[in-house]
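Participant: Sequence and predicted structure, then a few things I'm wondering about:
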Number of protein chains: 2
Amino acid sequence: MSQTAYRTQHATEVTEALVGRKVTLAGWVDRRRDHGGVAFIDLRDSTGLVQVVIYDEEVARPLRSEFVIQVVGEVRLRPEGNENDHLATGRIEVVAEDITILAKSDALPFQVSTALENESENKLPGEDVRLKYRYLDLRRPSMQHNLKLRSDMAKAARHALEDMDFTEVETPTFIKSTPEGARDFLVPARLVPGSWYALPQSPQLLKQLLMVSGVERYYQLARCYRDEDFRADRQPEFTQLDMEMAYVDQEDVMAMAEKVISAIWKSAGYDIKLPIDRISWQDAMDKYGSDKPDLRFGNQIVELTEYFKDTPFRVFQAPYVGAVVYKGAADLPRRKFDAWQDWARQRGAKGLAYVQFSADGNLKGPVAKNLSDAERDGLREAVGAEPGDAVFFAAGARESSQLLLGAVRVEIARRQGLLDPKKFAFTWVVDFPLFKPTDDPDDDDVAVGHSKWTSMHHPFTMPSADWLDRFDKDPEHAMSDSYDIVCNGEEMGGGSVRIHRDDIQNRVLDVLGITKEEADEKFGFLLEAFKYGAPPHAGIALGWDRTVSILAGADSIRDVIAFPKAGGGRDPLTGAPAPISDEQRAETGVDYDPEEDED
Amino acid sequence: MSQTAYRTQHATEVTEALVGRKVTLAGWVDRRRDHGGVAFIDLRDSTGLVQVVIYDEEVARPLRSEFVIQVVGEVRLRPEGNENDHLATGRIEVVAEDITILAKSDALPFQVSTALENESENKLPGEDVRLKYRYLDLRRPSMQHNLKLRSDMAKAARHALEDMDFTEVETPTFIKSTPEGARDFLVPARLVPGSWYALPQSPQLLKQLLMVSGVERYYQLARCYRDEDFRADRQPEFTQLDMEMAYVDQEDVMAMAEKVISAIWKSAGYDIKLPIDRISWQDAMDKYGSDKPDLRFGNQIVELTEYFKDTPFRVFQAPYVGAVVYKGAADLPRRKFDAWQDWARQRGAKGLAYVQFSADGNLKGPVAKNLSDAERDGLREAVGAEPGDAVFFAAGARESSQLLLGAVRVEIARRQGLLDPKKFAFTWVVDFPLFKPTDDPDDDDVAVGHSKWTSMHHPFTMPSADWLDRFDKDPEHAMSDSYDIVCNGEEMGGGSVRIHRDDIQNRVLDVLGITKEEADEKFGFLLEAFKYGAPPHAGIALGWDRTVSILAGADSIRDVIAFPKAGGGRDPLTGAPAPISDEQRAETGVDYDPEEDED
């Protein structure tokens, strides 16, 4: 399929087998070199580079970087000694007989050529410039690779789902506002002035309706929308690989998702050992200080609450004390530990207590002198440190202390170079609480409902079987049938068994403090649907941008999205969002006044 | 993959091979019949029906239609004489040992059971009721079939595109307003108060940017949005299978599209003969009175302008006279022909002149007496009619007369039962004009630009090679490199070679009467991108809802969309669109006043 009106071969299809043959190629001038009467062009297309030799100076002279040209020429072996082993086509070259300029290029705002496919790309401009000239940025091999990888991953996922008899269903994006913990983007409906559509935060309710509709296995790579204040790595629109199954339990969904994930990684050459390990939410918090633990390395958090139960040190007289070992860091200079204090304060902590076990067995560091003799003597063994290690502590409320230690644990690993992007450590996190308190200052989700409890996942999550009778009597301890899939410290996705009975759904809404009127208005259609025989169902969704960025080893999800938004939802390329004309505004109906209409 | 927590087999997997074995099934109670102490349940799941026998009246009594149940039982052969050859499982039944009610159902608003898969579905309620209870409507086998077909078609198209090395790229839906002949849906951008995103009418500009970005073969099943006054079979959001290629010409794209279309039809069991025939736009208008001719049948329009050039009949003293034969209709009663007059007037015509050639060779009908003897004598041969046929005429402006005759031609075929939904007649329509006049009253597209010319396809369409130098000097006759794919009288899709040079693009915009300032504001980013080496490129898009409805033989695209909108963009299921709260409105920023902000 390489042959088109403009070429007979792609660049890297020009192999030694074609020596002596005439070829027609088309692509960009990656770069030009002149050597006394002979010019060499690296011609770049979607497959890579090939060298073109031009003996006619008049033909070569006008050619500039990123000109689009068509080359007719004969393939020959490069002269001995001129081979380039870094190039797939490094043993041949094409002697130009005819060159047509298909399109010219102005001087470039930044360098696109990478000359050799493996050349470093460290001379990139700032991200706003990259995004403004995204069509140049995307020409770079690493971005081409990311786009191709994303496409290949979707292909692998779809093939796996097709093999499991899933039906792809497209759900609407003009819907009613859904209550899922974030703000909706809204679209005025011109034909019903004063009314608005909401764009879906996810197809959650729609895919549940599909289960009630008899589609037993549904999937969709779905565009979703959340109007959030831009956090570092979020986009106003994003994609999720959305899956739902009827007549299944948690185990069925997890086994299915493992097949999909394994197929995706397999398509990039990685074998994932199945089944994927599991850890309970509580264990993840206790051992890794995170509900999405990075398991590429060990170094678990050590709880010391019991150890310090009679401590004279005021700071450690707390509901929770824990520690993380910093291997081999005992002899770091003081200013390094001071920098850790700044790091902790930037995360909202008061500081980061630490001790150092020097190689000779002495205990040093600011905390040491505050401890009792017994505490000092047993400490190294209690935390599992060796001479030469340092140890960081956190004390206070259990969850916030664990989260701090979890972040310390990852930051230590980062500084030690343990976060290998080519290594993938998957885990399921299971046994989640059904509810969480609404008064958590660290949680910036918008609470659904008006009580002191909100959903840990979402309001449609099934309580686990042994809590079905009493989850509303003890919301603090009630557990749910839900599960997150985590890779390398990132939440790749999550799901749950859903409620399929209106009596259970109504009791959950009661706990959340959602009145019957409000429930009816917001998702009465789902409650109504449950009245007509809803099969038990469960599902999962993968955050697709995140999943691609993990497998790509990308620094940001923006590097795996063709045309992402910059901060504040701006698009430096097109200038969106932009003001609209008075005429457009009038047509949207947003200024519709029903009283005027009555006149 | 049938085995899950709730079942060992699907209904239709219970075959004679399982006789004597215990199975666990789950699904809906399709219907229940009682026969003196024994109850029979048709259990329905996504694969079909299986008969369950219940000997315990207490167990059977509570079961109602559309209850969701789980059945454990033993498979046995049906008693001789009780087999049902209409059912895949008609030779066996499952004797229930244990039945669990998984979910109950209220009395149904309309009948869902089809009892036998092939039972007629003629007792459907009105469409608003079907849409309000869409989850019940979708349980019907014909709708299940449509959803599955749509999924299978996407799978076939994707596999074909994957085989041709296409990369799937997701393009953003929060973009700048694009000038494509319809109104944009708009989304207020909360973080940039007073500014709005537009939802894409198509990914046209974005896919062209991808070509400039080095993605040589792109595809996407893309959601698109057009805020139109609802015509019969339009939706505010719709899907297109969008494809674009670099370094190709029209022939390359058409050959590629034929492979995709052929793969799609093949997946449903139909072989399409390739290459698909072509007809020029002018021929299509002349012979079929349509730019999307239905070629399932012949009966071409006959032009009689020359034949009637000296006619005494005032009505036929027109720039164009044409005729369509109505085979065997000479003896239809007068009231039938009167009804045709009404039909024509409903389409905006003044009426429909006709003659009848009776079996004995006599010429009858209101027109006959107005013609000259010579005209009468030669007429039957001139129009190619036989004794017993009737003939309809249209006279007036060429294009509107041809459109009327084209509609007559299809309506005749419809009444003659020639529009077989299982027969598929494809054609390419090629050689389109580049521009069309903006003053055409029959055309309800929004003109792009402010001149007397607007684009026939869109402003990014390449003039054909022999018009490149002079298309702006003679816009009336200039031709373009564009092509539509038509099936059974419906436009399935279309595409064109695109402009890839800013000089040509600027000349086209000049013809359309778009000023430089306006062009820069609306799609300056594309013109800018063309300055940095844009490869020649071309593409095509298939209207996916339409394509599915053609292959499904559906009456409406709403029958191939899971959750479509009703008239006016309303969703009877969820109640969208709906008013929003004052708080939500405040957050959208639509009431932002920059002057207030300065205070």
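Facilitator: Nice, I can see it. Every value quoted in this text rests on a predicted model; they were computed, and no experiment measured them.

Participant: So for the helix or strand encompassing A:Q356, what gets flagged as buried?
Facilitator: Element membership of A:Q356, judged by DSSP states H and E, is strand A:353-357. Buried residues in strand A:353-357, counted by 16 or more other C-beta atoms under 10 Å in any protein chain shown: A:A353, A:Y354, A:V355, A:Q356, A:F357. The C-beta positions use only the backbone N, C-alpha and C, and glycine is treated the same way.

Participant: sec struct for A:Q111, please.
Facilitator: Put simply, A:Q111 is coil when judged by DSSP: H, G, I helix; E, B strand; the rest coil.

Participant: could you check the distance from the closest residue to it other than its chain neighbours over to chain B?
Facilitator: Nearest residue to A:Q111 in three dimensions, chain neighbours excluded: A:K123, at 6.1 Å (C-beta to C-beta, 6 or more residues apart in numbering or on different chains). Separation of A:K123 from chain B (C-beta to the nearest C-beta, to the nearest Å): 18 Å.

Participant: Distance check, A:K123 against A:V112.
Facilitator: Distance of A:K123 to A:V112, given as C-beta to C-beta, to the nearest Å: 11 Å.

Participant: Compare neighbour counts for the two and give me the winner.
Facilitator: Taking other C-beta atoms under 10 Å in any protein chain shown, A:K123 and A:V112 do not tie; A:V112 has more neighbours (23 against 8).

Participant: Thought A:S142 was touching the more buried one, still the case?
Facilitator: No: using C-beta atoms under 8 Å as the test, A:V112 is too far from A:S142 to be in contact (12.0 Å).

Participant: State the helix or strand in which A:E595 lies.
Facilitator: A:E595 belongs to helix A:594-598, assigned by DSSP H and E.

Participant: Quick check: pLDDT value at the residue nearest to A:T171 when sequence neighbours are not counted.
Facilitator: Leaving aside its chain neighbours, A:T171 sits nearest to A:L206 (4.0 Å; criterion: C-beta to C-beta, 6+ apart). Confidence at A:L206, expressed as pLDDT, is 96.

Participant: Helix, strand, or coil at A:L206?
Facilitator: helix.

Participant: Report the contact partners of it.
Facilitator: A:L206 sits next to A:T171, A:P172, A:I175, A:P200, B:A562, B:F563 when contact means C-beta atoms under 8 Å, 6 or more residues apart in numbering or on different chains.

Participant: May I ask which two of those residues are separated the most?
Facilitator: Farthest apart among the contacts of A:L206 by C-beta to C-beta are A:P200 and B:A562. That separation is 13.3 Å.

Participant: so A:R278 makes contact with A:D484?
Facilitator: No: contact criterion C-beta under 8 Å: A:R278 and A:D484 do not qualify, at 10.5 Å.

Participant: joint contacts of the two?
Facilitator: A:W428, A:V429.

Participant: strands paired with the longest strand anywhere in chain A, and their directions?
Facilitator: Determined from DSSP state E, the single longest strand within chain A is strand A:22-35. Sheet partners assigned to strand A:22-35 using DSSP bridges are listed as strand A:38-45 (antiparallel), strand A:68-77 (antiparallel).

Participant: Buried deepest among the ones you listed, which one?
Facilitator: A comparison of the strands paired with strand A:22-35 by mean neighbour count, using mean count of other C-beta atoms under 10 Å in any protein chain shown, puts strand A:38-45 on top with a mean of 22.

Participant: helices or strands next to the very next helix or strand once past that one in the packing?
Facilitator: Later in the chain than strand A:38-45, the nearest helix or strand by DSSP H and E is strand A:48-54. The elements that strand A:48-54 packs onto, with contact taken as 3 or more C-beta pairs under 8 Å, 6 or more residues apart in numbering or on different chains; DSSP states H and E, are strand A:22-35, strand A:38-45, strand A:68-77, strand A:92-103.

Participant: Can you list the strands that strand A:48-54 pairs with?
Facilitator: strand A:38-45 (antiparallel), strand A:92-103 (parallel).

Participant: Export the ones you listed to CSV and append columns for distance to A:L131 and mean pLDDT.
Facilitator: CSV is the format used below for those (distance: least, C-beta to C-beta, whole Å; pLDDT from 0 to 100):
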stretch, distance to A:L131, mean pLDDT
strand A:38-45, 22, 96
strand A:92-103, 23, 97
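
Participant: Distance to A:G81 for those strands - can I get that in a markdown table?
Facilitator: Shown next, in a markdown table, are those (distance: least, C-beta to C-beta, whole Å):
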| stretch | distance to A:G81 |
| --- | --- |
| strand A:38-45 | 15 |
| strand A:92-103 | 13 |
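
Participant: closest to A:A349 out of these?
Facilitator: strand A:38-45 (49.5 Å).

Participant: quick one: the closest one to chain centroid distance?
Facilitator: Its chain's C-alpha centre lies 38 Å from the corresponding centre of strand A:38-45 when counted by C-alpha atoms, centre = their mean, to the nearest Å.

Participant: How about residues contacting it?
Facilitator: Strand A:38-45 has contacts (C-beta under 8 Å, 6+ apart) with A:7, A:10-11, A:25-34, A:49-55, A:57, A:60, A:63, A:69, A:71, A:93-94, A:96, A:113, A:115, A:139, B:216, B:247.

Participant: Show me the domain layout of chain A.
Facilitator: A:11-103, A:147-279+A:426-559, A:297-416 (the TED database).

Participant: Quick check: which of the ones you listed is buried the most?
Facilitator: For the domains of chain A, the highest mean count by mean count of other C-beta under 10 Å goes to domain A:147-279+A:426-559, at a mean of 20.

Participant: where do the contact lists of A:P200 and B:A562 overlap?
Facilitator: A:T171, A:P172, A:L206.

Participant: So which of those is the closest to chain B?
Facilitator: Nearest to chain B among the shared contacts of A:P200 and B:A562: A:P172, at 5.0 Å, using C-beta to the nearest C-beta.
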